[in-house]
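J.: Show me how the following folds:
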Amino acid sequence: MLYLVTTELSRIPIDHQIVMVDGTVPGWTPRPQDLHWDHHRPQGADIQIDEMPVPRDTLMEDLAGDLPPCIVTPQLDADACCAAAWFQLSRSDLQPETVNRLRAIAWDCDHLIVPEDKLSPWAEFAAKAVIALKRTGAAIVTELQLPRDRHIWSPQQWETYFSEGFKRDTEWLIEAAKGQQPWPGERGEADNYWQKIEQDASLLLAQNRIKLFSTSHGAVAVGDLRDLGHYIDPKSFNQAIISWASLEQLRPETLLVREHKNGGTQYTLGCLPTHPQTRQLDYTAGTFERLTQAELTKNPSSEGWGGRRTVGGSGWNTPSQLSIEEAIFLLE
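T.: As a prediction, the model looks like this:
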């Protein structure tokens, strides 16, 4: 099985059946033999596997084309890996407990919380699993002999790194579902990560990296992660916010600011999972459209904004031209 993480249309192989999951590479259009599941659409499902059919045997066999499959996603995360695993697991593998585990992992990945329904018994498991999957990257850097300084990686090195992570994490989930090894996090891989989340939450506050921007409907929390030097888990950002401000004074939306890979600014538009108004959010119902139109006004070649109901952001391949104030104004 070939795995590919890319946002570049030119990198998608034409000699494979493309299985696009959990997002769409800008400009890509499926051919008749390709498969496409993307819950980042108006009224899309909360997680990717909820958009995918239950296999008769495996989806890979049920929907096979004449070409070998290549699973593609624009961004490596646990939700994409759950979808890639679902594509390859058999109906007999997908017992109710296994389905609950995969759904809980995807929920924690995409929403930083597991809903209080039949998945709630799997909340702690899912949080640890997502963390464990994120931690596979260090071994990949060593094994592929990539430079320790990621700032000097070429686009090809980044693609190789993420694609290998996509492969390994998906195969881990498949083997766990088949009972061939423990699930991610069950061997204590995530035990020390909770401390790091707390430390990074304190760091964000100590360095004054969280600001509240007032609007007519309450304040929007903004996190500035530029020039920080290391990855910050969104859980750290949310923990810092709720330890510093009351939910009553906040809107459910959040905005993270990072450096774009091509220079300039990249935004992630998220939410506070525990905010009472979060379930009413739907960025696909006009918000992304307004932000995209504002981007195109400043840069006609911009990809614009996109995502799903409660999380998304500015373009993968083009930096945003909007200021923080402009982006927040367009949330109204």
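J.: Can you get me the start-to-end distance on stretch 274-281?
T.: By Cα to Cα, to the nearest Å, the extent of stretch 274-281 from end to end equals 13 Å.
J.: I misspoke; the intended subject was stretch 11-19.
T.: 14 Å.
J.: What are the contacting residues of that stretch?
T.: Contact partners of stretch 11-19, identified using Cβ atoms under 8 Å, 6 or more residues apart in numbering, comprise 2, 4, 6, 25, 28, 30-31, 33-36, 64-72, 84, 87, 159. Placement of C-beta: from N, CA and C, glycine included.
J.: could you redo the last one with a cut-off of 6 Å?
T.: Residues external to stretch 11-19 that are found in contact with it (Cβ atoms under 6 Å, 6 or more residues apart in numbering): 33, 34, 35, 65, 67, 68, 69, 70, 71, 72.
J.: And stretch 203-218, by the same measure?
T.: 219, 220, 221, 222, 223, 224, 240, 250, 251, 328.
J.: ok, residue 71 to residue 129 distance?
T.: Distance, residue 71 to residue 129, by Cβ to Cβ, to the nearest Å: 20 Å.
J.: And the longest helix seen in the chain, what's buried?
T.: Across the chain, the helix with the greatest residue count (assigned by DSSP state H) is helix 155-177. Residues of helix 155-177 classed as buried by neighbour count (16 or more other Cβ atoms under 10 Å): 159-174, 176-177.
J.: buried set for the following helix or strand past it?
T.: Next along the chain after helix 155-177, taking DSSP states H and E as the criterion, comes helix 193-206. Of the residues in helix 193-206, 193, 196, 197, 200, 201, 204 count as buried by neighbour count, 16+ other Cβ under 10 Å.
J.: Name the surrounding residues that touch the helix or strand where residue 327 lies.
T.: Secondary structure from DSSP H and E places residue 327 in helix 324-329. Residues outside helix 324-329 that contact it (Cβ under 6 Å, 6+ apart): 213, 220, 222.
J.: Drop anything exposed from the contacts of stretch 203-218.
T.: 220, 221, 222, 223, 224, 240, 250, 251, 328.
J.: Among the residues you listed, name the ones in strands.
T.: Among those, the residues falling in strands (DSSP state E) are 220, 221, 222, 223, 224, 250, 251.
J.: Pipe those into a markdown table and attach distance to residue 43 and pLDDT per row.
T.: Listed next are these as a markdown table, based on distance: Cβ to Cβ, whole Å; pLDDT from 0 to 100:
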| residue | distance to residue 43 | pLDDT |
| --- | --- | --- |
| 220 | 25 | 96 |
| 221 | 27 | 96 |
| 222 | 28 | 96 |
| 223 | 29 | 95 |
| 224 | 33 | 95 |
| 250 | 26 | 94 |
| 251 | 22 | 95 |
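J.: Distance of residue 160 relative to residue 154?
T.: Distance of residue 160 to residue 154, given as Cβ to Cβ: 9 Å.
J.: and what of residue 238?
T.: Noted for residue 238: a distance of 33 Å to residue 154, by Cβ to Cβ.
J.: List the contacts of the closest residue to residue 314 other than its chain neighbours.
T.: What sits nearest to residue 314 in space, not counting adjacent residues and going by Cβ to Cβ, 6 or more residues apart in numbering, is residue 320, at 3.9 Å. Residues counted as contacts of residue 320 (Cβ under 6 Å, 6+ apart) are 265, 267, 314.
J.: which residues pair with residue 320 across the strands?
T.: Note on residue 320: beta-bridge partners by DSSP bridges are residue 265.
J.: Can you check the pLDDT for it?
T.: We note a pLDDT of 95 for residue 320 in this prediction.
J.: ok, now the one 3 residues further on?
T.: Per-residue pLDDT puts residue 323 at 95.
J.: Just the buried ones from the contacts of stretch 11-19, in PyMOL syntax?
T.: Here is the PyMOL command that selects the buried residues among these (16+ other Cβ under 10 Å):
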select buried, resi 34+35+69+70+71+72
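J.: Name the nearest of the contacts of stretch 11-19 relative to residue 20.
T.: The shortest approach to residue 20 among the contacts of stretch 11-19 belongs to residue 72, at 5.1 Å (Cβ to Cβ).
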